[in-house]
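**Student:** Quick one, fold the following:
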Amino acid sequence: MLNKLKLARVALGLTQEDVARRIGVSRQTVNAMEQAKYVPSTVLALKVARLFAKPVEELFILEADD
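**Tutor:** Numbering: from 1, shown residues only. Now for the predicted structure:
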């Protein structure tokens with residue numbers, strides 16, 4: 001799964017720590033999501049989408065082999 005989390009975060013001028021605090025996870029979790037090493041749960045993906053005021057599908061993109 002691809003994602004646009006880092007682009008969205010930088011566009012708002014937020015650090016990974018800022019995002020982590022707002023969605024209730026560790027900075028390491030945000031880093032792992034940005035690096036596509038961790039696929040968030042549905043609830044976490046919805047929290048991220050709400051934070052960035054974007055649809056989930058705009059932030060997380062399924063690849064053909066997903």
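
**Student:** remind me, longest helix of this protein?
**Tutor:** Secondary structure of the chain per DSSP state H: the longest helix is helix 42-52.

**Student:** Tell me where this structure has helices.
**Tutor:** Secondary structure of the chain (DSSP H): helices at 5-11, 16-23, 27-34, 42-52, 56-59.

**Student:** Using JSON lines, please lay out those together with mean neighbour count, distance to residue 65 and mean pLDDT.
**Tutor:** To be clear about C-beta, it is placed using only N, CA and C from the backbone, and glycine gets the same treatment. Formatted as JSON lines, the helices of the chain follow (neighbours: other CB atoms under 10 Å; distance: least, CB to CB, whole Å; pLDDT from 0 to 100):
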{"stretch": "helix 5-11", "mean neighbour count": "15", "distance to residue 65": "20", "mean pLDDT": "98"}
{"stretch": "helix 16-23", "mean neighbour count": "17", "distance to residue 65": "27", "mean pLDDT": "98"}
{"stretch": "helix 27-34", "mean neighbour count": "18", "distance to residue 65": "19", "mean pLDDT": "98"}
{"stretch": "helix 42-52", "mean neighbour count": "16", "distance to residue 65": "19", "mean pLDDT": "98"}
{"stretch": "helix 56-59", "mean neighbour count": "14", "distance to residue 65": "18", "mean pLDDT": "96"}
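
**Student:** could you dump the ones you listed to a markdown table with distance to residue 66?
**Tutor:** Listed next are these as a markdown table, based on distance: least, CB to CB, whole Å:
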| stretch | distance to residue 66 |
| --- | --- |
| helix 5-11 | 16 |
| helix 16-23 | 22 |
| helix 27-34 | 15 |
| helix 42-52 | 14 |
| helix 56-59 | 13 |
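
**Student:** Could you tell me how far stretch 34-50 lies from the centre of the chain?
**Tutor:** Relative to its parent chain, stretch 34-50 has a centroid offset of 5 Å by CA atoms, centre = their mean, to the nearest Å.

**Student:** That one: end-to-end distance?
**Tutor:** End-to-end distance of stretch 34-50 (CA to CA, to the nearest Å): 16 Å.

**Student:** what does that stretch contact?
**Tutor:** Stretch 34-50 is contacted by residues 1-3, 5-6, 9, 16, 19, 23-25, 29, 32-33, 55-56, 58-60 when judged by CB atoms under 8 Å, 6 or more residues apart in numbering.
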